[in-house]
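A.B. asks: what follows is a protein structure lacking sequence information:
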């Protein structure tokens, strides 16, 4: 057994998380998002939106995406990404 390798594995930093800021425009009809946007929404560990009346929310929920109404601070977002989690902020 190689104790140097075992020790290195024990002290490896946690997997980095990801914060995705999904911006939308009033010029684009609600629900019309790019394929990449839908992919990240479906694969996210959590989707947040500060505006409970955001025009995209009904379409996201219709697509089965759970959206929590929240406006976390930057520090809270970084903490929420611990362990390799992906957080999307609409």
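C.D. replies: Looks like it arrived, so ask away. From a predicted model like this one, the values you see are computed outputs, not experimental measurements.
A.B. asks: give me the beta-bridge partners of residue 21?
C.D. replies: Per DSSP bridges, the residues bridged to residue 21 are residue 89.
A.B. asks: tally of neighbours for residue 55?
C.D. replies: Residue 55 is flanked by 13 other residues according to other C-beta atoms under 10 Å. For the C-beta atoms, the positions are set from N, CA and C on the backbone; glycine is no exception.
A.B. asks: what's the local residue count around the residue lying closest to it once chain neighbours are set aside?
C.D. replies: Leaving aside its sequence neighbours, residue 55 sits nearest to residue 30 (C-beta to C-beta, 6 or more residues apart in numbering; 4.2 Å). Residues near residue 30, counting by other C-beta under 10 Å, number 14.
A.B. asks: what distance do you get for residue 39 to residue 62?
C.D. replies: From residue 39 over to residue 62 the distance is 17 Å, taken as C-beta to C-beta, to the nearest Å.
A.B. asks: gap between residue 76 and residue 46?
C.D. replies: 11 Å.
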